[in-house]
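Colleague: Generate coordinates for the sequence data below:
(chains A, B and C)
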Amino acid sequence: MTERRHDREFVRTFFTSPTAVEGEEDSAKMIRSASQLRGMQAPDVWVPDNEDATAPSMRDEGVENIIEVVSENGADFPGEIHPRMVWHRDSPATRYQGFQHMLEIASSDTGAIEHIDGFVIPEVGDIDDWKKADEFFTIVENECGLEEGSLAMSVIIESGESELAMGKLRDEMGKDTNNLERLFLFVDGEVDYTKDMRAMTPTGELPAWPELRHNTSRGASANGCIAVDGPYDDIRDVEGYHERMTENQAKGMLGIWSLTPGQVVEANTSPLPPKTGSWLLDVDGEQVELDSEDGVEVYDGDRMSLEATDGGYELRVGSDTRTLDEDELHEELLGLTSYVPSMDDIVDSMEEFEAAKEAGRGAIAMERSATLRIGDTEFDISTDRMWDEATYQAAMTPISLFQDVYENRPDQHDELEERYSTGVVERAMEVGL
Amino acid sequence: MTERRHDREFVRTFFTSPTAVEGEEDSAKMIRSASQLRGMQAPDVWVPDNEDATAPSMRDEGVENIIEVVSENGADFPGEIHPRMVWHRDSPATRYQGFQHMLEIASSDTGAIEHIDGFVIPEVGDIDDWKKADEFFTIVENECGLEEGSLAMSVIIESGESELAMGKLRDEMGKDTNNLERLFLFVDGEVDYTKDMRAMTPTGELPAWPELRHNTSRGASANGCIAVDGPYDDIRDVEGYHERMTENQAKGMLGIWSLTPGQVVEANTSPLPPKTGSWLLDVDGEQVELDSEDGVEVYDGDRMSLEATDGGYELRVGSDTRTLDEDELHEELLGLTSYVPSMDDIVDSMEEFEAAKEAGRGAIAMERSATLRIGDTEFDISTDRMWDEATYQAAMTPISLFQDVYENRPDQHDELEERYSTGVVERAMEVGL
Amino acid sequence: MTERRHDREFVRTFFTSPTAVEGEEDSAKMIRSASQLRGMQAPDVWVPDNEDATAPSMRDEGVENIIEVVSENGADFPGEIHPRMVWHRDSPATRYQGFQHMLEIASSDTGAIEHIDGFVIPEVGDIDDWKKADEFFTIVENECGLEEGSLAMSVIIESGESELAMGKLRDEMGKDTNNLERLFLFVDGEVDYTKDMRAMTPTGELPAWPELRHNTSRGASANGCIAVDGPYDDIRDVEGYHERMTENQAKGMLGIWSLTPGQVVEANTSPLPPKTGSWLLDVDGEQVELDSEDGVEVYDGDRMSLEATDGGYELRVGSDTRTLDEDELHEELLGLTSYVPSMDDIVDSMEEFEAAKEAGRGAIAMERSATLRIGDTEFDISTDRMWDEATYQAAMTPISLFQDVYENRPDQHDELEERYSTGVVERAMEVGL
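Modeller: Next up, the predicted model:
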């Protein structure tokens, strides 16, 4: 069966730091400071980046810096450490250099390798190219007395070839001649992918590549790996970063690259359920979050209005006004509203379903009701949603992610308990087990 | 060549019913009533569901119920019957149970198997997992004196692994060691797929998974099978169900799961051409169906207006007003309008093209004209569309579907003739032969 | 490594002409006139079309016409010449006919084959079907004294089978038993693809097939080939044709089919950077190109307005008005604006980056600033964009395309120099080398 073979089942954040910066007194400055990140600012996977973020002339020094900083600070770093090496499907020289760097890091007598969970290999090509990298990992492990397969290998998907390779992995993994079970993260690299595909846009902004992200997520799912989206360049655009993550989560791609500790905080938080639930109203095609005031969900924009009339209601959306009776209005508003459950809500529903299952029931109705206020008019809505085993299992994803985070990131316990309350955290850790 | 190997070339509807309901006097109640559906309420493929719709503790009884109800009512059921068995790519126990249930049904001396066209296998994994299921079918056929390959196998695509498997089938089908030619339906199962992909959305609603649906439709097309979309949970949302089907049809996925006889009616009807044609007007980005009044196509909303002026026209769309001469207006309105042809229109065009081909012409212009009324102003538009062999072939799809339905579903003849008139039905059955 | 194996690295235009038209005095009329196209009206790849554009009864005559016209005019034709032959994955008779036609053209003592760069094979199926066609090319080459592999093979992707085949090519190319390295263009054929997928839309218009176009572009990228989109039927709809090309370019599909010399001009021009840069403003979700007036970028529509107030600004978008201070407004407008660089701008940026790299810097900030006028209010915006090696490489795509065009199409030099000025052309030809 397809199993997850690594300590982390979920990775929210993939944070890169240049390994050697020219012109600084301490060329290791960036990774030295990154190694001291803690809590929500610390990523699930930290990537001292000896490839694109570091100038080619500085990469040998970058390897020394990795060894020094990781051997000093690696033991205390709360996330996993996966340095990125150089590699290119079209260049044997680059591949050999990547191998030498890995060997140097792994064989250093500083013990740095004890704190390193794996390496990231960029610019991989087709499946035979993945095998070349895997073979170098095996040789490094053998030379350095590490268990075969113990170093995780993550790849950057930044070519059509590697996108296709994800569809062939299941035919190769498990063969005697490789250790491809070491594969951990599939990370999209949209900048180089765009170059490889020779795509272009009028303004030079990156295409959205929805199919690539689907295929990466599917490849991860089919091979027990974890899908991570590439960097979001516009660091100031926090809203855009969140929209991208929400889009990715609907594709099963729960992790994303972060370029700054600020992005790490956003990306560590985004896949976690919200602290409080909220109602959304579809106003003329746009989802508007309603303000909750004393238990009433309020829309006070001017694109929708609701008036009670003799024996019914007038509902105006944009310039369309309709006369509806109470039942019709209820039906209409049910269609226009949706609820974003909080962590507490999700745990409640799961506990309720577990109790029902315990009592021999396979499906139960979960009620959700609210009082809406549109303009000056209030109206109550209420709906049932059927929960069965499949609903329960699907709802489990954010909870499993939370549990994985809570187990592996003690440095985030305070922030998580502050976010949700200790009681909710405790219940969330019990549900589904 | 890729051929279709089953009686039905099209399947509009895949209707599941629980095989055994706990706490009812007659646990077979649901399949007993489903087995009596006729006409538009009866699906093309009926699926007594011994997997998710039935509680695990009731599944042995579900098998007995299938045998009883199908042996009694199967001969008269107007659609095909494909019970869903239990199966899981990750569980040998579940797979063995699925095999035992198939064997029990097929070997029953009630003759139930004579009315069963195949079985549905959920939760399949990669291509080797499909082969395991196929092998069990072969053993069942052999044990029960059935012709090898005579039982159709349909699969639920609800994992990344099985999505990828569809791309590998052509390499495996036709080998001596399997009977994969028995494959019939590829059915998307979005709830479990969402779980397998670990996707999540704020409100818990299912992602749309456009790439999955494309890949399923493509896999079906490349292997002579039929693509079917998964369940649409919001049973009351008839409009949403139709929008989903229209979207699916543009992907070549012409069938969909139905959860109620009401949904069966909608899904049996949706891929059939409409009884009457209609004009669409693009009003500021939204497609509006025009009202036909005495041969004039009328738009009386307020987002578009048209006024005749000295020597020209003023066309207002939203807040943009443009002055156009007659030719410019004609060109503009041609761009904004489109026509949804009726069954009668399609048959007319095909007959006209067939006559032209008979006369040695490879391409002809089909004219389409209308009088539009926007506000108080009327304006005539007229356009030619070139038809060649490829246009003709593409227009054939809804007609082929209709012919397949008419041939295989005598119980729907009355409703089809009432919808289209006997004359149109007769001509539709002759065209393209 | 994946390399490009043909003279052209980019193909903008794929122009088909019927090889033999019935009822004309000169049945070769269409290809005779097409063979005389020059400059922007002449395509990168010209396709005398002996398949769908020519009636089946005229195809033997079409072969004679190809021989005659190409031997006469082929030497002077400025683009490449790739006639389309008949072929079908499901018909051995059609495949054999395609072989015979190729052999007839290649063995003609007129020398026509000297001006023919390859052949286009439509309706291919899975990878074994591609090999059948490739084998016929090899036999033709051998019979006619041509170097093995010298004739390029382009395929039309118009079935699910062939879409899947593109994912398998890397496993087959390079084997002793084939010459699949001859593959050149992957051309989508959406009309027949729609038929093969059995897709349908209410109005009969073609589905957009975004996944197919992605997969074709990816397949081309992974195999050193070139992706080309299928025909755009509505010849009068120039704007729609450009929108389609812009969409395709974001997918890495830089070529498109052209049905008329007018479409050839549009498609030859579309992937080239514009002559002058322009600013875009996002107005309530729609991208509006600003008018440049004396160095000020002007928006004078009514959906957005900007007023200076005491100590700040009021920015109205649609019916939403917000009060912002100067910094907030600057941030907001940066988010809403984007710049479409001209050829000159791109060359400037690349030269600047090259100089910086020469000086040992790996990343530099490129400044872009403008004065906006919204209503009567002017406001200056300015932003930096970081350029590193990856940005530089991605920006190279349109320049590489331009260089490929300029080198291979001397007949377009005048028009290119008129478009950009001689100075810009010269600098564009030097950059990135």
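Colleague: What lies in contact with stretch A:63-73?
Modeller: A:19-20, A:27-28, A:31-32, A:35-36, A:48, A:50, A:81, A:83, A:101, A:104-105, A:108, A:110-112, A:115-116 (C-beta atoms under 8 Å, 6 or more residues apart in numbering or on different chains). Backbone N, C-alpha and C define where each C-beta goes, glycine included.
Colleague: Any of those residues buried? List them.
Modeller: Buried subset of those (neighbour count, 16 or more other C-beta atoms under 10 Å in any protein chain shown): A:19-20, A:27-28, A:31-32, A:35, A:48, A:50, A:81, A:83, A:101, A:104-105, A:108, A:112, A:115-116.
Colleague: among the contacts of stretch A:63-73, which are in helices?
Modeller: A:Ile31, A:Arg32, A:His101, A:Glu104, A:Ile105 (DSSP state H).
Colleague: Return the member of these nearest to chain B.
Modeller: Chain B has its nearest neighbour among the ones in helices among the contacts of stretch A:63-73 in A:Ile31, at 30.7 Å by C-beta to the nearest C-beta.
Colleague: Which pLDDT value belongs to that closest one?
Modeller: At A:Ile31, the predicted lDDT confidence score is 97.
Colleague: can you check A:Val124 too?
Modeller: 98.
Colleague: what does A:Glu104 give?
Modeller: Predicted confidence (pLDDT) for A:Glu104: 98.
Colleague: With A:Met1 instead?
Modeller: So, for A:Met1, pLDDT stands at 60.
Colleague: likewise A:Leu336?
Modeller: Note on A:Leu336: pLDDT of 93.
Colleague: next one: A:Ile157
Modeller: 98.
Colleague: same thing with the one 5 residues further on?
Modeller: Per-residue confidence at A:Ser162 stands at 98 (pLDDT).
Colleague: How about the one 10 residues further on?
Modeller: What the model reports as pLDDT for A:Glu172 is 97.
Colleague: Ok, A:Ala359 next?
Modeller: pLDDT, A:Ala359: 84.
Colleague: List the residues that contact it.
Modeller: Listed by C-beta under 8 Å, 6+ apart, the contact set of A:Ala359 is empty.
Colleague: Dihedrals phi and psi, it?
Modeller: A:Ala359 has phi and psi values of phi -80, psi 10 when expressed as degrees, to the nearest 10.
Colleague: what's the answer for A:Val187, then?
Modeller: Dihedral angles of A:Val187 (phi, psi; degrees, to the nearest 10) stand at phi -110, psi 120.
Colleague: Could you count how many residues lie near the closest residue to it other than its chain neighbours?
Modeller: In space, and not counting its chain neighbours, A:Val187 is closest to A:Val228: 4.3 Å by C-beta to C-beta, 6 or more residues apart in numbering or on different chains. Neighbour count of A:Val228, defined by other C-beta atoms under 10 Å in any protein chain shown: 30.
Colleague: Checking A:Val228 next. Helix, strand or coil?
Modeller: strand (DSSP: H, G, I helix; E, B strand; the rest coil).
Colleague: For it, give me the pLDDT.
Modeller: On the pLDDT scale, A:Val228 is placed at 98.
Colleague: Could you do A:Leu333 as well?
Modeller: At A:Leu333, the model reports a pLDDT of 94.
Colleague: That one touches A:Thr377, doesn't it?
Modeller: No: assessed by C-beta atoms under 8 Å, A:Leu333 is found out of contact with A:Thr377, at 11.2 Å.
Colleague: between the two, which one's more packed in?
Modeller: Higher neighbour count among A:Leu333 and A:Thr377: A:Leu333, with 22 against 15, using other C-beta under 10 Å.
Colleague: where's that one, which helix or strand?
Modeller: Assessed by DSSP states H and E, A:Leu333 sits inside helix A:326-336.
Colleague: Which strands or helices does the helix or strand harbouring A:Val405 pack on?
Modeller: Following DSSP H and E, the helix or strand that holds A:Val405 is helix A:389-408. Helices and strands touching helix A:389-408, by 3 or more C-beta pairs under 8 Å, 6 or more residues apart in numbering or on different chains; DSSP states H and E, are helix A:343-358, helix A:413-420, helix A:422-430, helix B:190-197.
Colleague: CA atoms only for it - export them in CSV, please.
Modeller: Below are the C-alpha coordinates for helix A:389-408, written out as CSV (Å, rounded to 0.1, in the frame of the first residue of the first chain):
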residue,chain,number,x,y,z
GLU,A,389,-18.0,8.1,6.9
ALA,A,390,-16.8,9.8,3.8
THR,A,391,-17.7,13.3,5.0
TYR,A,392,-16.0,12.5,8.3
GLN,A,393,-12.8,11.3,6.6
ALA,A,394,-12.7,14.3,4.3
ALA,A,395,-13.2,16.6,7.3
MET,A,396,-10.3,14.8,9.0
THR,A,397,-7.6,16.5,6.7
PRO,A,398,-7.3,19.8,8.5
ILE,A,399,-7.4,17.9,11.9
SER,A,400,-4.7,15.5,10.8
LEU,A,401,-2.6,18.4,9.7
PHE,A,402,-3.1,20.1,13.0
GLN,A,403,-2.2,16.9,14.9
ASP,A,404,0.9,16.5,12.8
VAL,A,405,1.9,20.1,13.5
TYR,A,406,1.2,19.8,17.2
GLU,A,407,3.2,16.6,17.6
ASN,A,408,6.2,17.8,15.6
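Colleague: Quick one: mean pLDDT over that helix.
Modeller: On average, helix A:389-408 scores 93.
Colleague: orientation of it relative to helix B:190-197 in degrees?
Modeller: On the basis of axes from the mean of the first three to the mean of the last three C-alpha atoms, to 10 degrees, helix A:389-408 is oriented at 20 degrees to helix B:190-197.
Colleague: Can the helix holding A:Leu333 be said to contact chain B?
Modeller: Yes: using C-beta under 8 Å from any C-beta of the partner chain, we find that helix A:326-336 touches chain B at A:Glu331, A:Gly335.
Colleague: got the contact list for the next helix or strand along the chain from that helix?
Modeller: Per DSSP H and E, the first helix or strand lying C-terminal to helix A:326-336 is strand A:337-340. Strand A:337-340 is contacted by residues A:274, A:277-282, A:287, A:289, A:368, A:370, A:372, A:381, B:202-203, B:205 when judged by C-beta under 8 Å, 6+ apart.
Colleague: quick check, nearest of these to chain C?
Modeller: Using C-beta to the nearest C-beta, those come closest to chain C at A:Gln287, 13.9 Å.
Colleague: Please work out the average pLDDT along the helix or strand hosting A:Gln287.
Modeller: Remark: A:Gln287 resides in strand A:286-289, with elements defined by DSSP H and E. On average, the pLDDT along strand A:286-289 is 91.
Colleague: can you check stretch A:58-78 too?
Modeller: 98.
Colleague: isn't A:Glu354 right up against A:Leu433?
Modeller: No: assessed by C-beta under 8 Å, A:Glu354 is found out of contact with A:Leu433, at 9.8 Å.
Colleague: Which of these two has more residues huddled nearby?
Modeller: Remark: of A:Glu354 and A:Leu433, A:Glu354 carries more neighbours, 15 against 6, as counted by other C-beta under 10 Å.
Colleague: Give me the pLDDT value at the more buried one.
Modeller: In this model, A:Glu354 carries a pLDDT of 93.
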